[in-house]
Each structure stands twice: as structure tokens, then as C-alpha cells.
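[1] Fold the following.
(2 chains)
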There are 2 protein chains.
Amino acid sequence: MRKIGLKEIEDIALGAALLGAGGGGDPYVGKLVAMGAVKACGDVTLLDPEEVPDDALIVPIAMMGAPTILSEKGIGGEEYKTLHKMVSQFYGKEIYAFMPIEAGGVNSMLPIAACARLGIPMVDADGMGRAFPELQMVTFTIGGIKATPMALTDEKGNCAIFDTITNKWTEELARAVTMSCGGSVSVSLYCMDGATLKKYAVKNIVTRSEQLGAAIRNVKHSGEASPEAAFLKATEGFKLFKGKIADVLRETRDGFNFGKVVLEGIDTDRGKKASVTFQNENLVAEVDGAILATTPDLIAIVDSETFIPVTTDALKYGKRVIVVGLKCFELWRTPEGLELVGPRYFGCDVDYQPIEELMKGGETNV
Amino acid sequence: MRKIGLKEIEDIALGAALLGAGGGGDPYVGKLVAMGAVKACGDVTLLDPEEVPDDALIVPIAMMGAPTILSEKGIGGEEYKTLHKMVSQFYGKEIYAFMPIEAGGVNSMLPIAACARLGIPMVDADGMGRAFPELQMVTFTIGGIKATPMALTDEKGNCAIFDTITNKWTEELARAVTMSCGGSVSVSLYCMDGATLKKYAVKNIVTRSEQLGAAIRNVKHSGEASPEAAFLKATEGFKLFKGKIADVLRETRDGFNFGKVVLEGIDTDRGKKASVTFQNENLVAEVDGAILATTPDLIAIVDSETFIPVTTDALKYGKRVIVVGLKCFELWRTPEGLELVGPRYFGCDVDYQPIEELMKGGETNV
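    Presented below is the predicted three-dimensional model:
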């Protein structure tokens, strides 16, 4: 158990941008929401999952819809209180703690705001260890946990609770209401007890995110041979490519952001040409015709000078970047995990191989 | 308190077709659902509103969506049990009785099925005394009662509860989910206590519907001068026109069925030419240029031989019909009532005048 305040939020937000793997929305707006709540209501208690009683009611909090709409509509002060009341009433039991469902992107920040406003602790865990685009893409699905009862509220005060026969129906109905409410809402879903949390959650991911953020912030003062070496060591990242963005192909379809970024090499030891395909998040990284990393391993594109992660939305011609790969959470590497979030689910005609195997033969990290 | 079984359901369904005023959906499918439930689970107890304790939880039941879809998708056996559970859980209180929200059309029948399946009584009351197309068009709105918490379930078992800031938002969000669920769902809304029920509901409307149905069934054995005289006397109806359908103009727009039926006279004492405009339900009846009835008074078109009501969907060239007007529930004639369901709400450029005043000078009933 420890407290997180403004300084920790800065680092968590920066780490969450890396864990977003190109998607999940820029944590910037979420950071402002979390900082506003902490300034108004005080620091948040972060619980280690092992500190949570087995029968405690744990409720993941997130936003649903388009992060770009969130930054226009904003979040009021009442949404989390409303969600807390609805879910407690549904279970006839007080909520013990909130947690993020997604440690990558903007959803890393909103549970901090919720916990500050409600004065309840946040669990140091999530259901992805990164960001993913669809509601069922959580480790809890592997554990057979239902998304519902899912509570939803908008900034105006409209509320709904869903209880559906499958998580696909949850996605369908909640998405329809999200659109009617203007394109972004606050939700809670995959409510679970402490015992289930300990079994299926990605533990200590908030702390990991904070460490990643601090590492990026301190990359120039690390004592390593170079900032790049410091960055790769601190993040345990694999350097896949270093280059200049030569082209960005985008297509918005079915509410998703599909595309491909084409890169030209700078460090020729890492190849002359590379591409990264994405659907919100980066999916496959290819260098000189060889695949070096695929989902569910994380593929992040970071600025080659500042090491600040660049979301797929912000990819621009001429920008100099490093493509870096990170190992995903171990449950994603099981057959059940790969069925949910492996390359074939996203329509990529390639079998998953762990990044550390794909990188064998070349240099690994550094 | 009395029991209603198969015979009563037949008559209530026939009366509900008349109270549908052209809309509300053909009660036929609903009748099959109600009869199936009563055959399986026994007769239903019908309570006079005055028998309901002031603090009892009373829950109106209905279908939302297109009645034509209902007849294709059907209704399973579990929807009402699901609604009962959701609403009881929400209030932390057992439901005392169901009631119809709408005595006209198919929604007259579904609460009977629900009460039979659950073994709870039905209140002899509704919120319209007829059928209307929109969710907020109930006497309870005049009483300031909210539509939410509104529970919704489909035949597959997907559920949602809405709690919204206005009844317009209820309509918006519930309509979106209804469409996602395939176009027809079972709902409960405008939950209230017994005291409120007694103050704002249209009392004994189920019994009135049954009497109307029995009158239509017995019209040829009444001892009156003619079947037509018997029909008008029993229904307290005003004969507006008798004629042959010469034209039917229809337009489906925003999910509503707009149109106009043009009639040529048979009994020239009642005019040579008439028209009835409708939006799901019949709105305005005009005979030889004079308006003889408008919403919220009921305008029904019935077969001139059998006196069986014809829905706007079933209007066909050449059919011989009588246009009949019935007085609406007194609360609809107040300024608040007319704002909700008067002719101007439906875009008709005419002030409401009670049917009995418009008919003055001519013969009234008979």
C-alpha cells in the first residue's frame, strides 16, 4: 500500500503512453482529469493485489468510446459517484476498490480520478497490461468472467446497467448507447472478487507504468552509454528499427483506425526499410521483409530524441522514431490468449512467435 | 377482484383493437401470447385500483419496438420473470402487481401473459385509455412521474436498466438498444406506488375494453334496431362517417407510419367524402371539409358489417367501413394533456375541441 499523487501521475501517464502500443488514446486529457481530482480530493491509495481480501468487490473503471470525443466533452465530477452507487446497489455490497481495466492510454488515468473523488483505494493491476481495442480483450475473459453487470453513465447523468448473455452482446448494446450519449461515456465492467483478481489480473502494472514513465523522463541522466541504451535497458525493450517516417496510410472503418506506417532506416544495422501495421494499436512490425514482433507483444513507436511514445494518430511524415518491442503478459501467450488478441484475430496472416525468439540471432536489447 | 381467463382475453383483445384507434399493433399476436400463458399457468387475478395498497409497487409492462417484428420474433417464456427480478432487485422490494401501460393494441395483452407466468395480479388500469406512439404519452407524465428506472429484456436474455435525466433520453437510449436487440423487446417503465396509481391511472380500462369487445361480438344479437345502432350504443360511439375506402396514402418515416385514408360516402346523411389522417394512430377525422374529431379523442375505423376494428396497416381500397369517435380520458383534455397528445403536438394545425361539441347540431350517437 502506498500513496500516489501528482508526481506519480505524471510518470504513470508517460508509461501508459508506452503501454498503449500506439493506441488507447493519448493519456494527456486523462492526466488532467486525474490531477484535477487529486488536487481537489487528495492522493490515492494504491493497493498491491495481494493486500485485497478474497471476498472484496473490485470494480474496473474506464471510458468507452472515442478518446478524441472525451477531450471535447470532458468528464464531470459526478460520473464515478454514479457508477459507484449503481454497482453497489446492484450487488447489495459496497465497492472495496476500483482498478484500471487497461493500463495503456487514457484509461490508465480515469480510475485514479475516480478513486480520488470517491476516497476509495485503487488496485495496482489491470486486465491487459497494455491497450486493446475491444471490450472482451481482457485476461478476465480467459478466466471466464463476464463483462456484465456493466454500468454506464454519461456526463449529463443518464445511466444504464447491462446484463447480457455474452460479452459480444455487451459490446453491441453498450456501443449503441455510447453513440446515443454522444460518443463517450464512463463505464464499469468485469466486476470481480479479490480472489479472482489475484488469479487473472496483470499485477503491479500501475507501478510498472510509473517505472517506465520515470525511465523515459530520466533517460538523459542515467549514466548509461547513451540515452537510447538507457531507454532500452530501463524498459527491457527490443530495438526493432530506427528510422524516419516515409509514409502513413490510414483508413477509418467500423469505428476503428486501421493503417500502416512505412519507415526508412537511419541505423542501417537495423535494416533499411520497415513497416508497422495497426488497428488502433500497433499489430505487426516488419523490417526488411522479416517480421520482428506481432501482437500481443507490444510494439511502440517513440521519438528518437525524447523517447516519448507516439500514438498512431500522431504519426507524421519526416518524424524520426525508434520502433521498440516489449514482451506481453504471459497469459496472452497461451492458446486462449492468442485466440483473443493474437495476430490472426486481427486478420494478420501470421502465427504468433514471442518477440524474444523472433529477435534471436540479432542483437537483443541494446 | 376477479379472475380473467381465455373467454375474457378474447373480448379484451377485441376491445383493445377499438381502443388502439388504428394503431398500437394488432392485438392478435398478443392474444396468442396471453392465451398460451393462461393455458400453461392458470387464470389471472384482475385487481380494481382501489384494492391496491397505497405503498404497493406497481409495474407497467409493455413491448417496445415494432409490433410487426414481435409477430416474427415472438416472446419467450422468461422475459417477464427477468423483468420482475431486475425491478424487484432495483427497488429492494417485491412487485405487488403488473399493469398495462397501454390498453389499446398489442400491449393490452402482454401484461396478462406476464401476470399468468409470474402468478401475480394485474391492475385494471393503464396510462393512456387507448394507444399512443411515444413513451412519454402517458397520464403519469402529467403527474410528473419518471419513465425510469426502465427495465428492458430481449427474448435471448440480454437485459438493461435505464435511469435517465428526462423521458426523452429514456426514449433515445431504450430505442437504440431496442434496435440493436432486433427491433422488439419487453420493457417495464413508470413504476409507481399504489397511491400514485389511484391518482393518475385510467381506471377500469381493462374491464371497459372487455365490455367493448363483448359488445362487438354480440352486435347482431342485441335487440337494438340494427347492428350498427347496437354497436354505437354499446361503445358510446359517435358515428362520424360510413363509406368505402377510395384511397390510402402512406409514408414510413422516423420509424412511424404516417398517412391518410380517403373515403367515399355510402350513407349520404353523413357526408359524401371523408378523410382520416394518422401517425400510427388516427389523428383527425374530416367529413365534407368539417373536422368532426381529433386526437386525443379516439377515432376508430371498423368494418361496416362485422364492426371489427381495422388498424391503419390493414386499410385497403374498396373496404366498407364506419368511422367512429369515442371520448378520451378526461386528463387528456386538460392543457397539460393536450400539450402531450393534442393535435398540435402531432403537427395538425387545429385546436382540440371535444368530440361531443364538434358533433353538436348533427345527430350524436345512433
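
[2] I'd like the distance between residue A:302 and residue A:16.
    Per C-beta to C-beta, to the nearest Å, residue A:302 is found 14 Å from residue A:16. Yep, even glycine has a C-beta here, placed from its N, CA and C like the rest.

[3] helices or strands next to the helix or strand where residue A:63 lies in the packing?
    In this assignment (DSSP states H and E), residue A:63 forms part of strand A:57-65. Packing contacts for strand A:57-65, counted by 3 or more C-beta pairs under 8 Å, 6 or more residues apart in numbering or on different chains; DSSP states H and E, involve helix A:79-91, strand A:97-100, helix A:110-118, helix A:167-180, strand A:184-188, strand A:192-193.

[4] Need the residues that contact the fourth one.
    This points to helix A:167-180. Contacts with helix A:167-180, where a contact means C-beta atoms under 8 Å, 6 or more residues apart in numbering or on different chains, come from A:64-65, A:134-136, A:141, A:146-148, A:150, A:152, A:160, A:162, A:164, A:184-185, A:187, A:189, A:255, B:156, B:158, B:160, B:172-173, B:176-177, B:179-181.

[5] again, but for the shortest one
    Counting contacts by C-beta under 8 Å, 6+ apart, the residues outside strand A:192-193 that touch it are A:54-58, A:140, A:145.

[6] Out of these, the closest to chain B would be?
    residue A:57 (15.9 Å; C-beta to the nearest C-beta).

[7] wait, isn't the closest one in contact with residue A:99?
    No. Look at residue A:57 against residue A:99 with C-beta atoms under 8 Å: they stay out of range, at 11.3 Å.

[8] So between the two, which is more surrounded?
    Comparing residue A:57 with residue A:99 by other C-beta atoms under 10 Å in any protein chain shown, the one with more neighbours is residue A:99, at 30 against 17.

[9] Identify the bridge partners of that one.
    Beta-bridge pairing of residue A:99 under DSSP bridges involves residue A:60.

[10] List the contacts of it.
    Listed by C-beta under 8 Å, 6+ apart, the contact set of residue A:99 reads A:58-61, A:111, A:122-123, A:125-126, A:197, A:201.

[11] distance of it from chain B?
    For residue A:99, the distance to chain B (C-beta to the nearest C-beta, to the nearest Å) stands at 24 Å.

[12] same check, this time on residue A:338
    Taken as C-beta to the nearest C-beta, the span from residue A:338 to chain B is 28 Å.

[13] And for that residue, the neighbour number?
    18.

[14] Excluding covalently adjacent residues, which one is nearest to it?
    residue A:352 (5.3 Å; C-beta to C-beta, 6 or more residues apart in numbering or on different chains).

[15] Retrieve the pLDDT associated with residue A:308.
    pLDDT, residue A:308: 95.

[16] Hmm, I typed the wrong one, I wanted residue A:96.
    97.

[17] list the contacts for the closest residue to residue A:156 other than its chain neighbours?
    Once flanking residues are discounted, residue A:156 sits nearest to residue B:165: 5.8 Å by C-beta to C-beta, 6+ apart. Taking C-beta under 8 Å, 6+ apart, we find residue B:165 in contact with A:156-158.

[18] Go again with 10 Å.
    A:154, A:156-159, B:146, B:148 (C-beta atoms under 10 Å, 6 or more residues apart in numbering or on different chains).

[19] Residue A:279 too?
    So residue A:279 contacts A:22-23, A:132-134, A:251, A:253-254, A:256-259, A:295, A:312, A:345-348 (C-beta under 10 Å, 6+ apart).

[20] The residue nearest to residue A:338 falls within a helix, correct?
    No. According to DSSP: H, G, I helix; E, B strand; the rest coil, the state of residue A:352 is coil, so it is not within a helix.

[21] Relative to residue A:293, how far out is it?
    10 Å.

[22] shared neighbours of these two, which are they?
    Counting by C-beta under 10 Å, 6+ apart, the residues touching both residue A:352 and residue A:293 are A:328, A:358.

[23] who has more neighbours, the two?
    Between residue A:352 and residue A:293, counted using other C-beta under 10 Å, the more crowded position is residue A:293 (29 against 21).

[24] Which two of the contacts of residue B:165 have the greatest separation?
    A:154 and B:146 (16.9 Å; C-beta to C-beta).

[25] What is the burial count for residue A:27?
    Residue A:27: 30 neighbours (other C-beta under 10 Å).

[26] Tell me which residues touch it, please.
    Each residue near residue A:27 by C-beta under 10 Å, 6+ apart is listed here: A:9, A:12-17, A:19-20, A:34, A:67, A:104-110, A:209, A:213, A:309, A:311.

[27] Could you do residue A:17 as well?
    By C-beta under 10 Å, 6+ apart, the contact list for residue A:17 reads A:24-28, A:31, A:104-106, A:108, A:131, A:209, A:212-213, A:216, A:300, A:302, A:308-311.

[28] How many residues are close by residue A:330?
    When neighbours are counted by other C-beta under 10 Å, residue A:330 registers 11.

[29] right, I mislabeled it, should have said residue A:47
    Using other C-beta under 10 Å, residue A:47 is surrounded by 24 other residues.

[30] what's the neighbour count on the residue in the stretch 201-350 of chain A that chain B sits nearest to?
    Going by C-beta to the nearest C-beta, chain B is nearest to residue A:255 of the stretch 201-350 of chain A, at 14.3 Å. For residue A:255, the count of nearby residues is 12 (other C-beta under 10 Å).

[31] And residue A:215, by the same measure?
    Neighbours of residue A:215 under the rule other C-beta under 10 Å: 23.

[32] Quick check: the residue nearest the centre of chain A vs residue A:127, distance?
    Nearest to the geometric centre of chain A sits residue A:104, at 1.9 Å (C-alpha atoms, centre = their mean). Look at residue A:104 and residue A:127: by C-beta to C-beta, they are 11 Å apart.

[33] Mutual contacts of those two, please.
    Counting by C-beta under 10 Å, 6+ apart, the residues touching both residue A:104 and residue A:127 are residue A:205.

[34] part of a helix, is residue A:11?
    Yes. Residue A:11: assigned to a helix according to three-state DSSP.

[35] Just to check, it is in contact with residue A:109?
    No. With contact defined as C-beta atoms under 10 Å, residue A:11 and residue A:109 do not form a contacting pair (12.0 Å).

[36] so what are the domain limits for chain A?
    Using automatic domain parsing, the domain parsing of chain A gives A:2-205, A:226-358.

[37] what pairs with residue A:203 across the strands?
    Note on residue A:203: beta-bridge partners by DSSP bridges are residue A:125.

[38] Got the confidence number for it?
    According to the model, residue A:203 carries a pLDDT of 97.

[39] wait, isn't it in contact with residue A:129?
    Yes. The pair residue A:203 and residue A:129 qualifies as a contact (C-beta under 10 Å) at a distance of 9.4 Å.

[40] so what secondary structure elements neighbour the one helix or strand residue A:244 maps to?
    Per DSSP H and E, residue A:244 falls inside strand A:238-253. Under the contact definition 3 or more C-beta pairs under 10 Å, 6 or more residues apart in numbering or on different chains; DSSP states H and E, strand A:238-253 sits against helix A:227-235, strand A:256-265, strand A:273-279, strand A:281-287, strand A:290-294, strand A:298-303, strand A:320-326, helix A:355-358.

[41] Nice, that's everything, thank you.
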